[in-house]
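> Compute the structure for the input listed below.
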Amino acid sequence: MNNVITFVKEAWIELKQVAWLTVPQMIASTWVVVILVVIVAIYIFIVDKVLHLLIGGLLA
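Here you go, the predicted model:
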């Protein structure tokens with residue numbers, strides 16, 4: 001039990017030293033992630049459609 005208490009105390013000390021994001025930084029980072037997810041989704045959609053047309057043409 002003593003090890004658990006020591007771990008929690010040390011973890012709490014480490015969490016106090018973390019450089020947390022500010023709200024504007026967090027919002028900007030979230031928008032970057034959202035935009036990149038949309039771009040990757042569009043790319044995957046296009047690749048899927050092209051492969052579907054190619055494979056469909058080969059099998060027809």
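> now the longest helix seen in the chain, how far from the centre of its chain.
What stands out as the longest helix in the chain, according to DSSP state H, is helix 23-59. When distances are taken as CA atoms, centre = their mean, to the nearest Å, helix 23-59 is centred 14 Å away from the chain's centroid.
> just stretch 52-60 next, same as before
For stretch 52-60 - counting by CA atoms, centre = their mean - the centre lies 34 Å from the chain centre.
> list the buried ones in that stretch?
Going by neighbour count (16 or more other CB atoms under 10 Å), nothing in stretch 52-60 comes out as buried. C-beta coordinates here come from the backbone N, C-alpha and C atoms, glycine included.
> Other residues contacting the helix or strand bottoming out on mean pLDDT in the chain?
The least trusted helix or strand in the chain, going by mean pLDDT, DSSP states H and E, turns out to be helix 2-17, with a mean of 93. Taking contacts as CB atoms under 8 Å, 6 or more residues apart in numbering, no residue outside helix 2-17 touches it.
> CA atoms only for it - export them in PDB, please.
Output in PDB follows, covering the C-alpha atoms of helix 2-17 (Å, rounded to 0.1, in the frame of the first residue of the first chain):
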ATOM      1  CA  ASN A   2       2.900   2.300   0.700                       C
ATOM      2  CA  ASN A   3       4.100   1.900  -2.900                       C
ATOM      3  CA  VAL A   4       0.800   3.100  -4.200                       C
ATOM      4  CA  ILE A   5       0.800   6.200  -2.000                       C
ATOM      5  CA  THR A   6       4.300   7.000  -3.000                       C
ATOM      6  CA  PHE A   7       3.400   6.500  -6.700                       C
ATOM      7  CA  VAL A   8       0.400   8.900  -6.400                       C
ATOM      8  CA  LYS A   9       2.500  11.500  -4.600                       C
ATOM      9  CA  GLU A  10       5.200  11.400  -7.200                       C
ATOM     10  CA  ALA A  11       2.700  11.500 -10.100                       C
ATOM     11  CA  TRP A  12       1.000  14.500  -8.600                       C
ATOM     12  CA  ILE A  13       4.400  16.300  -8.300                       C
ATOM     13  CA  GLU A  14       5.100  15.500 -12.000                       C
ATOM     14  CA  LEU A  15       1.700  16.800 -13.000                       C
ATOM     15  CA  LYS A  16       2.400  20.100 -11.400                       C
ATOM     16  CA  GLN A  17       5.500  20.500 -13.600                       C
END
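> This completes my enquiry, with thanks.
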